[in-house]
Structures are given as structure tokens and as C-alpha cells.
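In: quick one: sequence and predicted model below, then my questions.
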Amino acid sequence: MNILFVEDDAMIASGLVYALEQEGYNVTHSKDIREARDALSHGKFDLAILDMQLPDGTGFDVHEALKDTGTAVIFLTVVDDEGNVVRALEGGADDYITKPFRLHELLARVKRTLNAHGERASILTIGGVTINTATGKAYVHDTLLDLTALEYRLLLTFAANKGQMLTRTQILESIWDSAGNFVEDNTLTVYVKRLREKLGDAVDIETIRGIGYRVD
């Protein structure tokens with residue numbers, strides 16, 4: 001797991017970086033917003049721990065740069081900073097911890113946040129269908145769908161590309177049988193038809209004539 005830690009207090013930073021690395025995390029420390037943005041331009045992070053007050057702005061500036069990256073966020077804030085805590089949580093932060101903090105508590109919150117974030121990442125939704133990629137099961141509302149392996153891969157392809165037009169070639173490449181058995185072009189039409197029947201009106205698979213399909 002890769003963690004971005006943004007903190008300008010050198011003493012706090014050195015101690016927490018050491019503790020996180022002892023837990024097996026890869027930690028990138030930035031002392032201000034400029035360094036944090038530079039780190040974000042060179043890598044992807046599973047979690048960001050952001051000090052609320054920084055020399056060149058606030059943790060919210062880094063949080064804004066993290067939107068749509070899939071990175072979990074924990075804010076560090078002072079005890080009487082209730083207004084910023086509410087703003088952080090309403091803005092999508094996963095957790096916060098107040099200074100001064102107990103190291104073991106922060107490490108526990110880091111672990112909990114990463115675990116919860118991983119569980120959410122394993123869930124995909126498309127229309128009225130929920131897909132749990134960890135278990136390989138898909139549901140229409142609470143009803144388990146009876147899908148073949150190839151139908152499941154086809155559904156995953158649509159879910160991962162919502163709103164995008166996919167050519168038949170792109171779809172065929174994505175559902176290539178893991179055993180190396182190629183799926184023929186005319187067979188794709190059959191599988192899409194079967195998937196539509198099983199999904200009912202939960203998902204609208206639109207045919208783009210002569211090109212492929214799109215699911216919004």
C-alpha cells in the first residue's frame with residue numbers, strides 16, 4: 001500500500017513515517033502542497049494523510065487534487081477545529097484524527113480506512129446491477145444472477161466502461177477466454193442477447209449499429 005503523508009512538522013513527520021514503514025507501508029512524505037502535487041504527478045496512492053494547516057495552504061488543497069483518483073483520505077486536525085472536520089467529511093474524506101494523537105490509534109485508523117476502501121473498490125454498479133469483483137457474483141437488486149464465466153466478463157467490460165462506446169473488437173479482446181479460446185465475432189451477438197435476457201430492464205445495453213455497444 002502506498003501512502004502520501006503531507007505534514008510540515010518535521011518531528012511528527014519523521015516519527016509517523018517510521019511507524020508506517022514498520023507496518024509495511026510505502027510512505028512518501030511531503031512538507032507542503034507543492035511537494036504533494038509533485039508526488040501526485042509521479043505516482044498513485046492508496047491513502048493520503050493530510051495535515052489541515054500547511055505552509056502554503058491547507059489540506060483541502062491537496063484533497064481537491066486527489067478527487068477522482070480513488071485515494072482514501074485521513075485528515076490531521078487540531079482538537080477545536082470542528083468546522084473543518086465537518087467540511088472534510090462532507091467533502092468526501094474517509095476519516096480524521098485530532099492532534100496530539102496516539103500513534104497506535106492512528107495506525108489502527110489507517111488500517112481500517114484502507115480495508116474499508118478496498119472493500120468499496122471491489123464493488124461495481126451498472127444500472128440496477130451490483131457486481132462484487134471479490135466474489136465474482138452479480139446481483140439485480142438482491143437477486144443473484146446466474147451468469148456463465150463469459151457472460152460475467154462481458155458484464156464486467158460494460159461496467160468498467162460505462163457511457164463509452166465499445167467496438168466489437170474491443171469487447172472481443174476483453175472477454176477472450178482465459179484458456180486461450182477465441183470468441184468469434186458472430187458469437188458475441190449471441191452472448192449479448194443472452195446477457196440482455198438475464199439482466200432484463202436492469203441495464204440498457206445499446207447497440208451502435210455496425211460498430212458495437214454502449215451502456216450508460
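Out: Cool, the structure landed.
In: against residue 47, how distant is residue 75?
Out: Separation of residue 75 from residue 47 (C-beta to C-beta, to the nearest Å): 12 Å. (Each C-beta comes from the backbone N, C-alpha and C, glycine too.)
In: between the two, which is the more surrounded one?
Out: residue 75 (27 against 22; other C-beta atoms under 10 Å).
In: which SSE is the more buried one in?
Out: strand 72-78 (DSSP states H and E).
In: element containing residue 19?
Out: Short version, using DSSP H and E: residue 19 is in helix 10-22.
In: now do that helix: which elements does it pack against?
Out: Packing partners of helix 10-22 (3 or more C-beta pairs under 8 Å, 6 or more residues apart in numbering; DSSP states H and E): strand 2-6, strand 26-30, helix 103-121.
In: let's go with 10 Å and repeat that
Out: With contacts defined as 3 or more C-beta pairs under 10 Å, 6 or more residues apart in numbering; DSSP states H and E, the packing partners of helix 10-22 are strand 2-6, strand 26-30, strand 47-51, helix 103-121.
In: can you tell me the centre-most residue of this protein?
Out: residue 70 (3.7 Å; C-alpha atoms, centre = their mean).
In: wait, a strand at that one?
Out: No. Assigned with DSSP: H, G, I helix; E, B strand; the rest coil, residue 70 falls outside any strand and is coil.
In: what residues are up against it?
Out: If a contact means C-beta atoms under 10 Å, 6 or more residues apart in numbering, then residue 70 has 44, 45, 46, 117, 120, 121 as its contacts.
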